[in-house]
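Peer 1: Make a model of this:
(one chain, ligands or ions: 1)
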Amino acid sequence: MKVVILPDAAAVAAYGAAIFIRQIAHKPDSVLGLATGSTPVALYRELIAAYQAGSVSFEQVTSFNLDEYLGLRGDHPQSYRYFMNQQLFDHININTANTHVPLGDAQDPIAACAAYEGAIKHLGGIDIQLLGIGRNGHIGFNEPSSSLRSRTRVKTLTRATIEDNARFFGADEFQPHLSLTMGIGTILESKKVLLLATGENKAEAINACVEGPLTAACPASALQLHEQAVLIIDEAAASQLSDVEFYKHIERENQTLLAGLAAQA
Ligand code: PGA
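Peer 2: Numbers count the residues shown, from 1 in each chain. A predicted model of the protein is given here:
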């Protein structure tokens, strides 16, 4: 697991976006795994700016989002499909037919989850998966106690997650307590994983993810099993790690190595 610690949220977004842009330059028909929540918004703004500047094209890209509320149609303003359209898809040249978000209004949610897994497999798997992290260590809507091998399925939200997300819903608006989410097993099959976290309220979850035991009590700790997992976090989110200087040292060494390789090429 690589931990990149940067000064602030803007630097986190820029670093993460640069990885996506390099991925698409390397493979124009990349399969991207995308996430909702507040954290990825700044990264999406960077991608939109890069598209407008002509430095990236999404023409051949396919995307799969992590999760969706069960019970919300895609045109509901609180649905994650709506969020993705607003925050990214409507502003870039991705073919909407190639953007996938689990169907919150599926007649048969269990069959919809199986179909989602099938669609990912059919396209050869996810090249790079973007993740946020919940204060309780969730990734996607894989709440604590989720099986570390879980697949896309219907998942009950914890009280903590419902409270964290209540800010997006009106006082008397229906807020779903169920979701459709890629499983931890699904996420672990992505070729690369990028987890972004900013702010002090994520520090405890980041500590559990990086330095805690591998445990279903912190779903993000499953990333310890992934060969290509990169955490991009700001100083505040890193504030409970035991040895921040060590992680910064590794990153400096990596950058020196990459600069050396680039100079040789
Ligand atoms: P946030 O959510 O980016 O809004 O903090 C992250 C998550 O719950 O996965």
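
Peer 1: pretty sure A222 is touching E189, no?
Peer 2: No - with contact defined as C-beta atoms under 8 Å, A222 does not count as touching E189 (11.6 Å). The way it works is simple: take the backbone N, C-alpha and C, and place the C-beta from them, glycine included.

Peer 1: Comparing those two, which shows the higher neighbour count?
Peer 2: A222 (26 against 18; other C-beta atoms under 10 Å).

Peer 1: overlap in contacts of A222 and E189?
Peer 2: Common neighbours of A222 and E189, using C-beta atoms under 8 Å, 6 or more residues apart in numbering, do not exist here.

Peer 1: Of all residues in the stretch 101-250 of the chain, which one is closest to the ligand?
Peer 2: Ranked by C-beta to the nearest ligand atom, the top residue of the stretch 101-250 of the chain for proximity to the ligand is G132, at 3.1 Å.

Peer 1: for the protein, what are the low-confidence residue spans?
Peer 2: Nowhere does the chain drop to pLDDT under 70.

Peer 1: Tell me, how many residues neighbour the residue of the stretch 101-250 of the chain closest to the ligand?
Peer 2: Neighbours of G132 (other C-beta under 10 Å): 20.

Peer 1: Check N85 too.
Peer 2: Neighbour tally, N85, other C-beta under 10 Å: 17.

Peer 1: tell me the contacts of it?
Peer 2: T96.

Peer 1: Enumerate the residues of this protein near the ligand.
Peer 2: 37-39, 132-134 (C-beta under 6 Å from any ligand atom).

Peer 1: Got a ChimeraX select line for the buried ones in those?
Peer 2: A single ChimeraX command is used to select the members of the residues of the chain next to the ligand judged buried by 16 or more other C-beta atoms under 10 Å:
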select :37,39,132,133,134
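
Peer 1: now the residues of the chain next to the ligand in TSV, with secondary structure?
Peer 2: Output for the residues of the chain next to the ligand, formatted as TSV (DSSP: H, G, I helix; E, B strand; the rest coil):
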residue	secondary structure
G37	coil
S38	coil
T39	coil
G132	coil
I133	coil
G134	coil
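
Peer 1: Give me the distance between the longest helix anywhere in the chain and the centre of its chain.
Peer 2: What stands out as the longest helix in the chain, according to DSSP state H, is helix 244-264. Its chain's average C-alpha position is 24 Å from that of helix 244-264, according to C-alpha atoms, centre = their mean, to the nearest Å.

Peer 1: Identify each buried residue in that helix, please.
Peer 2: Result for helix 244-264 [16+ other C-beta under 10 Å]: buried residues Y247.
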